[in-house]
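K.L.:
need coordinates for the below:
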Amino acid sequence: MKYVAIFALFALSACQTTGDTAEMSGMQLATQNDLNAVIGKTLTFNPGESFVIAANGTMKGNWGGAPLVGTYEMRDGFFCRTLSQGPRGPSPEDCQLLILNGSSLDVTRDRGNGGSFSYTVS
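P.N.:
Now for the predicted structure:
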């Protein structure tokens, strides 16, 4: 019986995951050079909600029928963007943590402390 309990303990610990594995499998886009992986590509959240990031520090797209226009800079490992136009009007700066996982760009707002979502990169 003692050996069964020890085996069960090891079996359970081998199956445990922390959730950090998914984040580590991608590449953090922390510099302008890293961001080149998505420059000029369409980032789509839902149909009719997409934009393109340009190398010159601008971003432009369409979000639910409204124009999306803004600027960005890479700062301290974060994508810091400000929208001059969006579906709800201008939006203040939000520095976001970006993790590229293949054709998915995982975003966490507020310097990695806020809500998370993903874009499809095409």
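
K.L.:
quick check: which helices or strands does the helix or strand containing Lys60 pack against?
P.N.:
According to DSSP states H and E, Lys60 maps onto strand 58-63. Judged by 3 or more CB pairs under 8 Å, 6 or more residues apart in numbering; DSSP states H and E, strand 58-63 is in contact with strand 49-53, strand 66-75. From N, CA and C alone the C-beta is placed, and that goes for glycine too.

K.L.:
what is the longest one packed up against?
P.N.:
Spelled out, it's strand 66-75. Contact partners of strand 66-75 among helices and strands, from 3+ CB pairs under 8 Å, 6+ apart: helix 32-35, strand 58-63, strand 78-85.

K.L.:
need the residue closest to the centroid of the protein.
P.N.:
Note on the chain: the residue nearest the mean C-alpha position is Val107, at 2.0 Å, using CA atoms, centre = their mean.

K.L.:
which residues does it contact?
P.N.:
Neighbour list for Val107: 96-99, 116-119 [criterion: CB atoms under 8 Å, 6 or more residues apart in numbering].

K.L.:
what helix or strand is the closest residue to it other than its chain neighbours located in?
P.N.:
Spatial nearest neighbour of Val107, chain neighbours left out: Gln96 (5.2 Å); criterion: CB to CB, 6 or more residues apart in numbering. Using DSSP H and E, Gln96 maps to strand 91-101.

K.L.:
from the contacts of Val107, which would you call buried?
P.N.:
By neighbour count, with 16 or more other CB atoms under 10 Å, the contacts of Val107 hold 96-99, 119 as buried.

K.L.:
low-confidence stretches in this protein?
P.N.:
The chain contains residues with pLDDT under 70 at 1-24.

K.L.:
swap in 80 and give it another go.
P.N.:
Across the chain, residues meeting the criterion (pLDDT under 80) sit at 1-25.

K.L.:
roughly how far does the residue lying closest to Pro92 once chain neighbours are set aside sit from Leu29?
P.N.:
In this structure, Pro92 finds its nearest non-sequential neighbour in Thr82, 6.5 Å apart by CB to CB, 6+ apart. The spacing between Thr82 and Leu29, counted by CB to CB, to the nearest Å, is 18 Å.
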